[in-house]
Each structure stands twice: as structure tokens, then as C-alpha cells.
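A.B. asks: how does the following fold in three dimensions:
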Amino acid sequence: GRQEKANRVRGLYPSDTEVSGHNLTLAWDLGSATVRSISAYRELDSQTNMNFVDIFTQDNMQAQHQVSQELQLVGDALGDRIKYATGLFFFEENSRESLASLFRGGALVDQWHVKSQSSSAAVYGQATWTPPVLEDRLGVTLGLRYTEDSRKATKTYVRTDLSPAVPVGLVVVGDRDFDSLNPAVTLDYGFTTDIRGYAKYSTGYRAGGFSTQSTPTYFSEGFDPEDVDAWEVGVKSDLLDRRLRVNLAAFHNKYKDLQVDQARTPPVFVDVLNAGSATIKGVELESAAVLAPGLTASLFYSWLDGEYDSYVDNGVEYADVRYIQNAPGYHVGAGLEYAFPHIAIGNFTLSADYRKQDEFFSGPKADTLSPGYDVWNARLQLADIPVGAGSFRVALWGKNLADEVYRLSTSNLGVLSAQFGPPRSIGVDMIYEY
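C.D. replies: You can find the predicted model right below:
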């Protein structure tokens, strides 16, 4: 069951993570177009100490920093019949990671260190045309993105007590480049001023790379990009004098070279495989309604079905005994929020929400099945508190109010083990923005 307390005798110390970041956005209005610059920087330093069902412990250290720059041109032409957005994007990241896995209190140790670099550059454009037909109800959107990615990594095996075949001090180097051209097209039609339907086809790309926890063979080879062809149809509507919003969508995605985490033996090794192909399809419903002045209700429901068409590991086809991870058959939720009339000290809102989801697999194997669960949450907030400059708000919240014992993931580390969701928790937020 869920662990309710920690035993310091196990030798674990508190984990510590520091994250900092900065963002700068500049815009230049040209009249019919706007030039926008978005610059960002992020830095991470992390020390994480973990105990895996008392079989082994892990000490993980990570240091990472990244920068990104994007330039956009957004505007319209031909009397607003064409609306467009185009731009350039660049991203660069440098990181270091070390992981020590200790068995029998440190009698057996597996330890490695990885230093990596990655960069990504892209050029993209999208334009929506409203042709002078059908009372201007039709919209045609075309998009195109070209991306180049570079991945470099060096892994040093410091100690290999669990893998005698791996020499101590072995250094494995990986260096790979990828590129992709991804188009998209969307047709949308306004049945009325408040109901609009659409159909969309797009392609997606996820760059390949290297898994820090891989075995030497898989680390040097790395893994290939993942590609998807995605189809979607849907309706968006605002009804009853905009007191009711209902959005409905259905999608069908075909994946090629799907990237999947595959645990090895011993479990300190996890390879990323391009397992093969998969199909994921589903339906999503989102709605919100104003029930009375200040009182709003929301509801969502999703149905999901996914299966591997092919799953090849070391030349063996496993499609019939592998499962799409983190894909519950259904997910449903509802909420209520009441905004009290304004008072001198600010604006009170009271909200409660409920969500429930079906069982799911947290990994590709059958022994990673996690049961479904449901969770209640509530929040009371006082916002717009007068403080002069800036804004200030205070909130009292409760999460998992029924103290549901549920799993976020299930794995097999030689014995069945699981990561559980947080127990009932109550807290206070105080937020000042300026």
C-alpha cells in the first residue's frame, strides 16, 4: 500500500531542487502586422534521493541550463481575408547527470555520469484564408514547419558491480542529427455565428536522441525520431445566449517509430526503443454552463483506445503482449465554481471538482497495470486584494479530500512496486504579482 512515512535509518536525505528562469517578450506594432521577440533562459540544479521498495536506493544529481529565442511576424492581408503567422525558433541546452544505484546498503553499486548537449532550430509559417464564398463562413488554414535537431551525449560507467560485462570506466559517445518537414491543413466552417465545425490533418515529429539510463549498446546507437499522422474533426459551440459552451472532438493518430521506455535487467537500465507503429484514437467532450449569476459548472469526458500495430524488441515481435502506456480507457470530471458578489477586501470564489479515470498501463508490459481511481479537490480564494501596486490573492485548498489511495504508476523491480499519488493535503497559497 501507500507509504505513510519514511524511515531515516534507510540512509536517505531530503531531496532538493532549485529552478530559475527568465523570459523577455518584445513587440513592435507595424499596423497590419506585429513583430514579436520571445527570449527565455532556464536553469536547474537537482539532488534527488530515492528508495525503491527497499530493494535498492538511488542518488541522482542533475544540472541543466537552456536558452531559447523566437522571432514571430503575425499579421493580416487582403482586407483581413488572410491572417498569417511565421517565425524562426532556436533552442540550446547543456546538461550533466549522475546516478548511483546502491544495493545491499552499498555492497553493490551501479554508477554512471552523462554529459549532453542538444540544439533545435526551426522555421515555420501558417496562413488562414477566408474565401469570398458561402457568406465568409469557410476558412482554409495551411501550415508548414521545418526542424533540424542535434543531439550529443557522453556516458561514463563509473561502477558496474551489477553488470560485470561492462568495463569500469567505459566511455560511450553518441552524436546524431535529425530533421523533419511537417505540413498541416485545416478546414473550418461556421454553421451559425455560435456553432463552428472543423476537420484537420497534421503531421508531428519528435526528435530522436539518447537515454541516460540505457545499456552501452543502446546508448551509442541512440533512438530514432517518432512521427505521427493525425486526423481530427470537431465542433465548437456557444449556445443559449452564450450561457452554455459545448466542444466535441474525435481524433485518430497513426504513430511510426514510436519511442517507448523498456526496462531491462537489472532494472537500473532503461532503453528507449523505436518499438514500431501504433494507433491511438479517441473522443473528447468539454462543456461549461452558467447556472445562475456567479455559479458556473464544467464537465469533461474522454474516451481513448490505443494499441500497438507492431512492437519489435531485439528482433522479436511483441505487439500482442504490449500495451500503450498512460492511456486510460476513459477520463471524466466535473466541477462547480461560485463567484461571490464583490466586497471591499476583494473577490471570493469557492470551487470544487471531481475527476475519475479508468485503469491504465504505466509501461508497455502487462505487470505495469494500475487500477482506476477518483479524486475530489476544493479551493476557496480571495483575489484582487487591495495592495496598491500589483495584485495579491490568498487561497485555501484541499486536494484528494477523500484520501484516496491510488497509483500514479506500477512497475516490476524484481517484485511488484508502485508510485502512489499524494494523500489528502491541505494548504494555503499567497501570491503577489507585480
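
A.B. asks: ok, S237 touching Y198?
C.D. replies: No. Between S237 and Y198 there is no contact, the gap being 11.8 Å when judged by CB atoms under 8 Å. For glycine as for every other residue, the C-beta is placed from the backbone atoms N, C-alpha and C.

A.B. asks: which stretches of the stretch 51-200 of the chain form strands?
C.D. replies: 56-77, 82-103, 108-129, 138-160, 171-190, 195-206 (DSSP state E, counting those that start in this stretch).

A.B. asks: sec struct for P386, please.
C.D. replies: Reduced to three states with DSSP: H, G, I helix; E, B strand; the rest coil, the structure at P386 is coil.

A.B. asks: is it true that it touches H342?
C.D. replies: No. If you go by CB under 8 Å, P386 and H342 don't touch, sitting 11.7 Å apart.

A.B. asks: low pLDDT regions in the chain?
C.D. replies: 1-12, 53, 266-268, 412-416 (pLDDT under 70).

A.B. asks: could I get the phi/psi values of F219?
C.D. replies: phi -70, psi -50 (degrees, to the nearest 10).

A.B. asks: and it, what is it in contact with?
C.D. replies: Contacts here follow CB atoms under 8 Å, 6 or more residues apart in numbering; on that basis F219 touches 153, 155, 172, 174, 210-211.

A.B. asks: show me where the chain has helices.
C.D. replies: Along the chain, counting by DSSP state H, helices occupy 216-221.

A.B. asks: in it, which residue is most central in space?
C.D. replies: Geometric centre of the chain, nearest residue: N326, 11.4 Å, by CA atoms, centre = their mean.

A.B. asks: which residues are in contact with that residue?
C.D. replies: N326 neighbours (CB under 8 Å, 6+ apart): 360-362.

A.B. asks: okay if I get those residues as JSON lines plus distance to S417 and neighbour count?
C.D. replies: Shown next, in JSON lines, are the contacts of N326 (distance: CB to CB, whole Å; neighbours: other CB atoms under 10 Å):
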{"residue": "F360", "distance to S417": "17", "neighbour count": "24"}
{"residue": "F361", "distance to S417": "15", "neighbour count": "21"}
{"residue": "S362", "distance to S417": "11", "neighbour count": "19"}
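
A.B. asks: closest to H65 out of these?
C.D. replies: Nearest to H65, judged by CB to CB, of the contacts of N326 is S362 at 30.1 Å.

A.B. asks: isn't the closest one right up against T368?
C.D. replies: Yes. Between S362 and T368 there is a contact at 4.7 Å, judged by CB under 8 Å.

A.B. asks: what sits in contact with each of these two?
C.D. replies: By CB under 8 Å, 6+ apart, the residues touching both S362 and T368 are 325, 409-411.

A.B. asks: make TSV out of the residues you listed and add distance to R137 and neighbour count.
C.D. replies: Listed next are the shared contacts of S362 and T368 as TSV, based on distance: CB to CB, whole Å; neighbours: other CB under 10 Å:
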residue	distance to R137	neighbour count
Q325	41	17
S409	46	17
T410	49	20
S411	51	18
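
A.B. asks: filter the residues you listed down to just the ones in strands.
C.D. replies: With strands taken from DSSP state E, the overlap with those comprises 409-411.

A.B. asks: list the contacts for the closest residue to A207 other than its chain neighbours?
C.D. replies: Using CB to CB, 6 or more residues apart in numbering and skipping the chain neighbours, the partner closest in space to A207 is D149 (4.0 Å). By CB under 8 Å, 6+ apart, D149 lies in contact with 118-120, 177-179, 207-208.

A.B. asks: try it again with 7 Å
C.D. replies: For D149, the contacting residues are 120, 178, 207, by CB atoms under 7 Å, 6 or more residues apart in numbering.

A.B. asks: likewise for D80?
C.D. replies: So D80 contacts nothing (CB under 7 Å, 6+ apart).

A.B. asks: do that again at 10 Å, thanks
C.D. replies: Taking CB atoms under 10 Å, 6 or more residues apart in numbering, we find D80 in contact with 32, 130, 136.

A.B. asks: what about the first one, neighbour count?
C.D. replies: Put plainly, it is S32. Neighbour count for S32, taken as other CB atoms under 10 Å: 9.

A.B. asks: skip the chain neighbours and tell me the closest residue to it.
C.D. replies: Closest to S32 by CB to CB, 6+ apart is G75, at 5.2 Å.

A.B. asks: and the two most separated of the contacts of F219?
C.D. replies: Applying CB to CB across the contacts of F219, the maximum distance is between V172 and S211, 11.7 Å.

A.B. asks: joint contacts of these two?
C.D. replies: Common neighbours of V172 and S211 (CB under 10 Å, 6+ apart) are 114, 153, 155, 218-219.

A.B. asks: between these, which sits nearest L401?
C.D. replies: So of the shared contacts of V172 and S211, ranked by how close each gets to L401 (CB to CB), first place is V114, at 41.2 Å.

A.B. asks: quick check, that closest one in contact with E97.
C.D. replies: Yes. The pair V114 / E97 is scored as a contact, 4.9 Å apart, by CB atoms under 10 Å.

A.B. asks: so which of those two has more stuff around it?
C.D. replies: V114 (22 against 19).

A.B. asks: now do the contacts for that one.
C.D. replies: Counting by CB under 10 Å, 6+ apart, the residues that V114 touches are 62, 95-99, 153-156, 172, 174, 210-214, 219.

A.B. asks: filter the residues you listed to the buried ones?
C.D. replies: Listed as buried from those are 62, 95, 97-99, 153-155, 172, 174, 210-214, 219; burial here means 16 or more other CB atoms under 10 Å.

A.B. asks: now for those: which two are most distant?
C.D. replies: Q62 and V172 (19.1 Å).

A.B. asks: in the stretch 251-400 of the chain, which spans are strands?
C.D. replies: Going by DSSP E, counting those that start in this stretch, the stretch 251-400 of the chain shows strands at 259-263, 270-274, 276-292, 295-313, 316-317, 330-339, 347-357, 360-361, 369-370, 373-383, 391-399.
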